[in-house]
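>>> Whatever this is, show me its structure:
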Amino acid sequence: MAERVQQPPAKRLCCRPGYNPACRQGQRAGGVLCGGAGSALGGSGKTHNPESLLDIAARRVAEKWPFQRVEERFERIPEPVQRRIVYWSFPRSEKEICMYSSFNAGGEESGTSGDNTDDTQLPFLRGVTLLEGGWVDNVLQVGFHLSGTVTDPATPTAPELVCSVSVSFDRCKITAVTCTCGNKDIFYCAHVVALSLYRVRKPEQVKLHLPISETLFQMSRDQLQKFVQYLISVHHTEVLPTAQKLADEILSQNSEINQVHGAPDPTAGASVDDENCWHLDEEQVQEQVKLFLSQGGYHGSGKQLNLLFSKVREMLKMRDSNGARMLTLITEQFMADPRLALWRQQGTTMTDKYRQLWDELGALWMCIVLNPHCKAEQKSSWLRQLRRWNSVDVCPWEDGNHGNELPNLTHSLPQGAHELLHKGHTSTTNLEGWVGHPLDPIGTLFSTLTESGRGGEEGSNTCLDLSGTRITPGAYTHHTLLGDGESYVALAVETALIGLGQQRVMPDGLYAQEKVCRNEEQLLAKLQEVEVDDSLVKIFRKQAVFLLEGGPYSGLGEIVHRESVPMHTFARYLFTSLLPHDAELAYRIALRAMRLPVLESTALPGDLSRPHHMVSVVPNRYPRWFTLSHIESQQCELASTMLTAAKGDSRRLETVLESIQKNIHSSSHIFKLAQDAFKIATLMDSLPDITLLKVSLELGLQVMRITLSTLNWRRREMVRWLVTCATEVGVYALDSIMQSWFTLFTPTEATSIVATTVMSNSTIVRLHLDCHQQENLASSARTLALQCAMKDPQNCALSALTLCEKDHIAFETAYQIVLDAAATGMSYTQLFTIARYMEHRGYPMRAYKLATLAMAHLNLSYNQDTHPAINDVLWACALSHSLGKNELAAVIPLVVKSVKCATVLSDILRRCTLTTPGMVSALHSRRNSGKLMSLDKAPLRQLLDATIGAYINTTHSRLTHISPRHYSEFIEFLGKARETFMMAHDGHIQFTQFIDNLKQIYKGKKKLMMLVRERFG
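Numbers count the residues shown, from 1 in each chain. The predicted structure is shown next:
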């Protein structure tokens, strides 16, 4: 709490009507201890004497009546009576003090300004520590005012601090606090807590005085003068100016102070008109909320705002009027948030975290306006306030379908389904969903009912007791409510089941749809806390049957609207709850809930003329389900739960498999289910469940069929997994997927993954195959490979050759497929790759043949001197050269036709002149002449002329757009060209003529031609 040092002014003026000074002369003005005469039982509570009638009456008066009304009601109040009223007016419970000095009873935070989770830093617990450490001193109670000093002991980082604390109270509530510590916070500081608890726990040690005005009434004039003079003398630097001002006004006949009867007394308690409520620093509440909102959700501000909301709930729970007061302050700051206007101006929506805060705000206002203990005038006041806020332009609208504009769902259902909907006695479905509704009626009712079923105190979360010890609340218990033995918890569970099973339309908008999912999960989380016993099992059974036969009001009825909220998450909870008690009913519920009509594209039975996917709540609109991925994942989780439970039961597994194949449309989720089934079937602690393995395989095959013609980044993973699964099922499964590969895999997948894996040694070892089985499997793999090569030779030919290596006929067939496809269907890259493979396998002539076919598809322009195919061209020429003169003579025309790059041609030319042709002739029964080939004769003469021509053409091409920074590079290029020219017998003459032509044609490029002259003359 922001404790200000300055004491607030007295709330009322005090005087004694009919007061006779003479009757009080000489009476004792001293005080007595709070636990004095007649207070033994009410003070410490250590004796067992019956309470006096005085204390009983005084306590009741102190709780309900303002002291001013007591004074007005009775002309003269005996001093003992006054003392007992004053004594009983201080709060006697520590619960409220704890509430106003910590965020919540089990607060996870130490305050509004940080994220410290140390409970010892809670102001309440720090106050308890100060009290128990004896750091509270000079405690004095004067009327309805308590004061004292509280010392913060010295620490390694801070010196000792003595704080002056004062507390005003009325009718068992603390109405004002001040402390010199200077801390500014929403709640009471530790020093206020320490002083207040001192008064609660040790009333007998507190010296009690009547209100100061009563003491002054007992003084004579001389005593009053002495009192005032001593007071001024002790505090002359502080009060002397004020004292002189007051004296001047009192001595002035016409002053305002003389027009008023009586004088203010800050210790005399509240007036009749004062509102009786606990002290709440409104300014600090507003400042803190404004600060948190300005942080925009950063630094844990959303968490702090939720803690403030929790504090409001705590106040409302204790029927503290400050709950509505604090919520009003928070709402004002929310309405003043500048981001609302900005979002409205930009046409953007608020963030999800911010929407959740507004939802909580609305839910709290619902709690306030529906409070049965509120007076009619209070509700009228709040209604006016809510209308005023609602009229502001920036006030956010609720996102989603929650209003009377929703259509009748039955109007959109296909004909023939109405008789099923009318099984109940109604013809309409639900306009508003209870789960996901802004006011959360089911969640609120569930919490209300379970509060009475809690074994722990107040049914709240883990909390702090008044001594700072953590208390864990008890589990839900079945306290009897009705004569038939039904309990609050049973009613709460039944309420939740009814709400969760309600058929309701998916609302519009992302946030509203997310809220539906979030509220459902929150409600199910609460249900999970309830221990299921026999009485609840009966409720589960009853509600499950009602839901299955419930007609249009049930989300698990035989026919549901296409845009109804799916029941997957709810059904999974019902399934797991019912399974140990009624497996048949559990599976009926889960299988019924597996459907997802919004993704269906077929008509319902009885209405073949109308496609089901055209059914919509709003005509001509395809539904936008922003949470569809989450819904599909929940559908997958439901299916996985059923698969796990059905292990070992062939009939159940078959039924679940059919439901999955019919209702799940996402390949990734089907794949996940296949993987889940595989894991469950192959657990290490048991033998494989062959039935579940077959289910896993069937699901995997479905995934393959679904994703065959669509792009999926997990496709290779899926294919590999399917082969693994088929291997676990057995050799017949592997043979089956290879026989029907064209419906499951692409040719590339079938050859590079499926057939290759099947023929691997690890598969043979895993299956313990004999030679006959190995050969049969290999034969199927080779047949698959050849079929794939025929269908897609570009990508499968090499794999087919590899797979057919051990079978001559199959290998020759694969090679012929390559030759047939080489002319039209294969690129030079693919042909070069296969040609290299053939050379590696010891077929150089076949490699040569494929290389020449590849060269026919190649085209290298003059400037492609870094083309990736250059290495293949060089390899092909080297292979031809090694085979002999005839092969080289045959390939050079192809090179001359396909390659226009001078540097590549010159490289080939030099390689051909370094060694004699036919280096591998011994391997092919040929003779090697042992002589180098002449550049003046074919085929090298043709290659030399082509190389010189390429250099000339490339030179002219470069000079067309050459820049000075490329001059040196160009000169180096001419140097390489001269080396090639010199390989011809008249090369010197040709190069000289070439240079002279350049000088004449490009004489305008003077600097470049000067460099040419310097280098080449």
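
>>> Just confirm Ser213 contacts Ala263, I think it does.
Yes - judged on CB atoms under 8 Å, Ser213 makes contact with Ala263 at a distance of 7.3 Å. Every residue, glycine included, has its C-beta placed from N, CA and C.

>>> So between the two, which is more surrounded?
Ser213 (20 against 14; other CB atoms under 10 Å).

>>> and that one, backbone torsions?
Backbone geometry at Ser213, expressed as degrees, to the nearest 10, gives phi -70, psi -30.

>>> Please tell me how far it sits from Leu860.
Taking CB to CB, to the nearest Å as the criterion, Ser213 is separated from Leu860 by 112 Å.

>>> now swap in Glu717 and tell me
With CB to CB as the criterion, Glu717 and Leu860 are 39 Å apart.

>>> When those two are compared, which one has more neighbours?
Between Glu717 and Leu860, counted using other CB under 10 Å, Leu860 has the larger neighbour count: 18 against 11.

>>> That one: what's it in contact with?
His867, Ala869, Ile870, Val873, Ser898, Val899, Lys900, Cys901, Val904 (CB atoms under 8 Å, 6 or more residues apart in numbering).

>>> Which of the helices or strands spans the last one?
Under the criterion DSSP states H and E, the helix or strand holding Val904 is helix 902-914.

>>> how about that helix: buried residues?
Ala902, Thr903, Val904, Leu905, Ser906, Asp907, Ile908, Leu909, Cys912, Thr913 (16 or more other CB atoms under 10 Å).

>>> what do you get for stretch 975-982?
The neighbour-count check on stretch 975-982 (16+ other CB under 10 Å) flags Ala977, Arg978, Thr980, Phe981 as buried.

>>> Next: stretch 148-167.
Gly148, Thr149, Val150, Thr151, Asp152, Cys163, Ser164, Val165, Ser166, Val167.

>>> Torsion angles phi and psi at Asp222?
Torsion angles, degrees, to the nearest 10, at Asp222: phi -60, psi -40.

>>> which residues touch it?
Listed by CB under 8 Å, 6+ apart, Asp222 has no contact partners.

>>> roughly how far apart are it and Val228?
Distance of Asp222 to Val228, given as CB to CB: 11 Å.

>>> Same check on Thr913?
Taken as CB to CB, the span from Thr913 to Val228 is 128 Å.

>>> how about the strands in the stretch 151-300 of the chain?
Remark: strands assigned in the stretch 151-300 of the chain by DSSP state E, counting those that start in this stretch are 161-170, 173-179, 207-209, 263-264.

>>> and those strands as TSV, adding mean pLDDT and distance to Glu558?
Shown next, in TSV, are the strands of the stretch 151-300 of the chain (pLDDT from 0 to 100; distance: least, CB to CB, whole Å):
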stretch	mean pLDDT	distance to Glu558
strand 161-170	88	65
strand 173-179	87	59
strand 207-209	83	76
strand 263-264	78	77
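
>>> Looking at these, which is nearest to Ile764?
Between Ile764 and the strands of the stretch 151-300 of the chain, the shortest gap by CB to CB is with strand 161-170, which sits at 82.8 Å.

>>> Check which helices and strands the closest one is in contact with.
Counting contacts by 3 or more CB pairs under 8 Å, 6 or more residues apart in numbering; DSSP states H and E, strand 161-170 packs against strand 145-152, strand 173-179, helix 190-201.
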